[in-house]
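Colleague: pasting the sequence and the predicted model now:
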Amino acid sequence: MSKTLLREFYQLKCDDRGCQDLLTESEKKQVSEGALIFPAKLQESDAVNGNGRVYPHNVLTREVKNYMKLVSEGRAIGECDHPDESVINLKNASHMVSRLWWDGKNLLGSIKVLNTPSGNVLRGLYESGVMFGFSSRALGSLKEDKGSQIVQEDLQLICFDAVSEPSAPGAYIMRENVERSLNQIFTIGDKINRALNNIL
C-alpha cells in the first residue's frame with residue numbers, strides 16, 4: 001500500500017465547565033501577559049470522521065507518543081491553512097502545540113499562536129471572532145472496511161494546521177478562556193525514536 005497525505009479537521013467549543021480550567025497555571029500567566037493560547041480538539045480515535053476515515057486508537061496513540069518529542073522540544077509547529085505537501089514551511093508557521101492530552105478518545109492540545117506573519121493572521125482572525133479549527137496532517141495508507149477508510153499502521157503524524165473547512169460538524173475552538181486577553185523535517189533522532197517506540 002502506498003502512503004497518501006491524510007488531512008482531518010476538528011473544531012471544538014467549550015462545554016458547560018468552560019475552557020479556563022483546561023489551561024495550566026503557566027499558560028494562564030502567559031495569557032495574562034498578552035500571549036494567545038487556547039485549548040482545541042486536534043484529533044479523535046475509533047470514530048468515523050467527516051472524511052469517512054477511522055483512526056484506530058492504538059495507531060493514533062503510538063503516533064501521539066512520537067509527536068510528543070516535537071512538543072517537548074518546542075518544534076510542534078503548524079501552518080495557517082492546509083498545504084498539499086508533507087513538509088512544514090517555517091515561513092508559514094502560525095502556531096505551535098505546546099501541550100497534548102487525551103480526554104477519552106479525543107486528543108486535545110494547547111495551541112500557542114506565534115509572533116510571525118502567519119501567526120498575526122491567525123491572531124487577527126481569532127480576535128475578529130472568525131471560527132476556525134485544527135486539522136491533522138499525516139502520511140499513511142488506508143484500507144476500506146464496511147464503507148469506512150481505516151488508517152493503517154504506517155501512519156506518520158506531521159502536524160496540526162489551522163484551517164477553516166470543517167469535517168467534524170458542531171465542534172468549535174475553545175475561546176472563552178482568552179476572550180478578554182489576549183521546513184520542519186524529521187531528524188535522524190526522530191526516526192530512531194519512532195522506530196524504538198514501534199518496537200516497544
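Modeller: Arrived safely.
Colleague: show me the beta-bridge partners of R137.
Modeller: On the basis of DSSP bridges, R137 is bridged to R7, C159.
Colleague: relative to A93, how far out is it?
Modeller: According to Cβ to Cβ, to the nearest Å, R137 and A93 sit 13 Å apart. Using the backbone N, CA and C atoms, a C-beta is placed for each residue, glycine as well.
Colleague: intersection of neighbour lists for those two?
Modeller: Shared contacts of R137 and A93 (Cβ atoms under 8 Å, 6 or more residues apart in numbering): G78.
Colleague: so where's this structure shaky on pLDDT?
Modeller: Where the chain drops to pLDDT under 70, the residues are 1, 7-21, 165-200.
Colleague: centre-most residue in it?
Modeller: When Cα atoms, centre = their mean is applied to the chain, the residue found nearest the centroid is F160 (3.4 Å).
Colleague: looking at the protein, which residue ends up farthest from its center?
Modeller: In terms of distance from the mean C-alpha position of the chain, K146 ranks first, at 27.4 Å (Cα atoms, centre = their mean).
Colleague: just checking, what packs against the helix ranked longest in the chain?
Modeller: Using DSSP state H to define each element, the chain has its longest helix at helix 57-72. Packing contacts for helix 57-72, counted by 3 or more Cβ pairs under 8 Å, 6 or more residues apart in numbering; DSSP states H and E, involve strand 93-103, strand 156-163, helix 188-199.
Colleague: got the CA positions of that helix in CSV?
Modeller: Only the C-alpha atoms of helix 57-72 are listed here, as CSV (Å, rounded to 0.1, in the frame of the first residue of the first chain):
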residue,chain,number,x,y,z
HIS,A,57,-6.9,4.2,19.0
ASN,A,58,-3.7,2.1,19.2
VAL,A,59,-2.3,3.6,16.0
LEU,A,60,-3.1,7.2,16.9
THR,A,61,-1.8,6.7,20.5
ARG,A,62,1.5,5.5,19.1
GLU,A,63,1.8,8.4,16.8
VAL,A,64,0.9,10.9,19.5
LYS,A,65,3.7,9.4,21.6
ASN,A,66,6.1,10.0,18.7
TYR,A,67,4.8,13.6,18.2
MET,A,68,5.3,14.4,21.9
LYS,A,69,9.0,14.6,21.3
LEU,A,70,8.4,17.5,18.9
VAL,A,71,6.1,19.1,21.5
SER,A,72,8.7,18.7,24.3
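Colleague: next secondary structure after that helix?
Modeller: As assigned by DSSP states H and E, the chain's next helix or strand after helix 57-72 is strand 77-79.
Colleague: perfect, I'm done here.
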